[in-house]
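Engineer: predicted structure and sequence below. I'll ask about it afterward.
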Amino acid sequence: MNIPRTLHVSLLALACAAALPAQQNANSQPQEPPVPHLSPGSDRRAAAIATASPQPATPRVIPLTVPKQASLQVALEKEVRVRKVGQTVSARLVDPVYAFDQLVVPAGSEIRGEVTKIEPISGAKRTLAGLDADFTPAHQVEVTFTDLALPDGKHLPLHTSVTPGSGQVMQFVTAPDKDSKKTVKDTASEKASQAKQQARDQWNNAMKQLKTPGRIHRLERHAEAQLPVHAQYIPAGTIYFAELEDPLDFGSETLPPEKVAVIGGDLPAGSVVHARLVTALSSATTQKGEQVEAVLARPLFDGDRLLYPQGSRLVGTVSQVQPARRLKKNGQLRIAFHQVVLPDGIQQKVEAALVGVQAGQDANVKLDSEGGAEASTPKSRYFSTTVSLGLAAIAGRGDPDAKTANPAGDTSGRVAGGAGGFKLVGMVAGALIQSRAFGYTMGAYGAGRSIYQNFLTRGHEVVFPKNTGMDVAIGTRMSAGAEPASAGSAASGGQ
């Protein structure tokens, strides 16, 4: 009875001894790691952080700083008569100021500055102006802004420099809506149209806060500008792009991990972002294929989800450009954005088009339905040319009742010819100089100059200075993948 039990135990021990080396060999062989499933954008970065560290995600502390070189768009609150260096100017913020995802300075906040320089007039410019009966040509005036008043009554000192090309009365131009049937596929287009209307409303509300002159006052200023000697005014509503030379600090905020994780997530259809141009553009000098950058001036939200914080960048290229040419052929410019770069360096490929842009009122810029910009010639050129031709005809006509030509001509004809040639100075000279040839010559000169300027000379260029505000519609994302462009911190809100 003991012998079989002893034999059984011995056999079991031998079997275990034989299996032990096999088990050791199996453990010594390397195993293939599982292939990870890559998630797009910030989710992949969060997964990598979670794999490297077993600790739970912690909230992020975000500095609320408006960085150096950020642009403040301000508009003069009331008309300024240029008198001397050092005189104060009062303005209002046209656009609100954000830091990362927080509104730190609302639109309409008061900002004060001063005239820092009045450029002298060169001899050549003064001579040309004198030939046009203008003996007080306009000076170039430099303005800087030094004080920002917050809603709580606190004042922040500013150090700014005004972007070249700003300092003009502007309007907000939007692209026309496409004619299409309302289907499910048109949801993005409808939302983009709503966003464009909201942008127009915001612009109009900002302009209503300014003491812009009425039509009668504008006519008075225009009539005064025709005088040989007149004062110089900067009209209310003139917009300046003031770049910060020192950052503005508004403390910090704590961002929960779940809000950090959705930054750079999927975009809702019809998303429109408000950005400012980093690259100055002109149809006269910009080349096709040249890179264009813009920085988001406001964060983009989808409900409560932060998708793109302030400081994210749009990157694109100039897809079409046509300089202005003779015979009043105006310039054209088309840009296309194809990439969004978040403040932490994550890149996302997108399809985006320009749907709204700031432009000077005198530039007469218009957008087409695809976002292309083109300068247009005002129809008033036909009226002004007709008036000049009419004055020349009056100056050249003779007295129908006279049997012989009067060398002195008709006084009204001489005055009309002088008005066509040299405005008020020409009118006075025509009344005093008893010469029909003088009146006819002045009328012909005015008519010829009007035809040349309105129909034969070079057309207008499309010019967008640095920091020009624009609305960009972001369409379908081209690629769900995302790669970091450079090492950075997700908590950064800089530009």
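Structural biologist: Ah, there it is.

Engineer: I figured Q226 hits F422, correct?
Structural biologist: No. Using CB atoms under 8 Å, Q226 is not in contact with F422; the gap is 11.0 Å. Glycine gets a C-beta too; all of them are placed from N, C-alpha and C.

Engineer: burial count for the spatially closest residue to Y308 that is not a sequence neighbour?
Structural biologist: Computed as CB to CB, 6 or more residues apart in numbering, the closest residue to Y308 that is not its neighbour in sequence is L300, at 4.1 Å. For L300, the neighbour count with other CB atoms under 10 Å is 21.

Engineer: same check on P213?
Structural biologist: Count around P213 with other CB under 10 Å applied: 17.

Engineer: how about the one 3 residues further on?
Structural biologist: The number of residues packed around I216, counting by other CB under 10 Å, is 8.

Engineer: quick one on the thing from earlier: got the contact list for the residue nearest to Y308?
Structural biologist: Neighbour list for L300: 271, 273, 306-308, 312 [criterion: CB atoms under 8 Å, 6 or more residues apart in numbering].

Engineer: any chance of a markdown table for these, columns neighbour count?
Structural biologist: Shown next, in a markdown table, are the contacts of L300 (neighbours: other CB atoms under 10 Å):
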| residue | neighbour count |
| --- | --- |
| S271 | 21 |
| V273 | 24 |
| L306 | 20 |
| L307 | 23 |
| Y308 | 28 |
| S312 | 25 |
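
Engineer: take the residues you listed and keep only those in strands.
Structural biologist: 271, 273, 306-308 (DSSP state E).

Engineer: just these now: which is nearest A231?
Structural biologist: Nearest to A231 among those is V273, at 42.2 Å by CB to CB.

Engineer: for that closest one, give me the pLDDT.
Structural biologist: The model reports V273 with a pLDDT of 91.

Engineer: so it is in contact with L307, correct?
Structural biologist: No. Counting by CB under 8 Å, L307 is not a contact partner of V273; they are 9.3 Å apart.

Engineer: can you map out the strands along the stretch 151-300 of the chain?
Structural biologist: Secondary structure of the stretch 151-300 of the chain (DSSP state E, counting those that start in this stretch): strands at 155-157, 160-162, 168-174, 233-234, 238-244, 248-255, 271-277, 281-282, 291-296, 300-302.

Engineer: now the ones you listed as CSV including distance to M427?
Structural biologist: Converted to CSV, those look like this (distance: least, CB to CB, whole Å):
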stretch, distance to M427
strand 155-157, 52
strand 160-162, 39
strand 168-174, 30
strand 233-234, 24
strand 238-244, 31
strand 248-255, 54
strand 271-277, 45
strand 281-282, 39
strand 291-296, 49
strand 300-302, 58
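
Engineer: looking at those, which is closest to F135?
Structural biologist: Closest among the strands of the stretch 151-300 of the chain, once you apply CB to CB, is strand 233-234, at 16.8 Å.

Engineer: residues making contact with the closest one?
Structural biologist: Contacts for strand 233-234 (CB under 8 Å, 6+ apart): 76, 79-82, 89, 141, 143, 167, 221.

Engineer: pipe those into TSV and attach pLDDT and distance to I346 per row.
Structural biologist: Compiled in TSV, those are given as follows (pLDDT from 0 to 100; distance: CB to CB, whole Å):
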residue	pLDDT	distance to I346
L76	94	40
E79	91	47
V80	94	45
R81	95	51
V82	95	48
V89	95	41
V141	95	43
V143	95	39
G167	90	37
R221	87	51
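
Engineer: nearest to Q320 among these?
Structural biologist: G167 (28.5 Å).

Engineer: for the closest one, grab phi and psi.
Structural biologist: Backbone torsions for G167, taken as degrees, to the nearest 10, come to phi 80, psi 40.

Engineer: and it, how far from A375?
Structural biologist: To A375, G167 is 19 Å away according to CB to CB, to the nearest Å.

Engineer: what are the ranges of the helices in this protein?
Structural biologist: 2-28, 42-52, 123-131, 187-208, 215-225, 257-261, 380-396, 411-432, 436-451 (DSSP state H).

Engineer: got a list of contacts for the fourth one?
Structural biologist: Applying CB under 8 Å, 6+ apart, the contact partners of helix 187-208 are 75, 92, 94-95, 107-108, 172, 174-175, 177-178, 180, 182, 237, 268-272, 274, 355-356, 471, 473, 475.

Engineer: now the stretch 101-250 of the chain, which segments are flagged as low pLDDT?
Structural biologist: Counting by pLDDT under 70, the stretch 101-250 of the chain has low-confidence residues at 178-189, 191-192.

Engineer: how about 90 then?
Structural biologist: Applying pLDDT under 90 to the stretch 101-250 of the chain picks out residues 124, 127-135, 151-152, 164-165, 169-228.

Engineer: next: the stretch 301-450 of the chain.
Structural biologist: Applying pLDDT under 90 to the stretch 301-450 of the chain flags the ranges 302-305, 307, 327-328, 342-355, 359-372, 375-450.

Engineer: please redo it, this time with the cut-off set to 50
Structural biologist: The model of the stretch 301-450 of the chain has pLDDT under 50 over residues 403.

Engineer: would you map out the domains in this protein?
Structural biologist: Domain assignment for the chain by automatic domain parsing gives 62-377+459-477, 380-456.

Engineer: ends of the shortest one, how far apart?
Structural biologist: Right, domain 380-456. 15 Å (CA to CA, to the nearest Å).

Engineer: next one: it to chain centre, how far?
Structural biologist: For domain 380-456, the separation from the chain centroid amounts to 44 Å (computed by CA atoms, centre = their mean, to the nearest Å).
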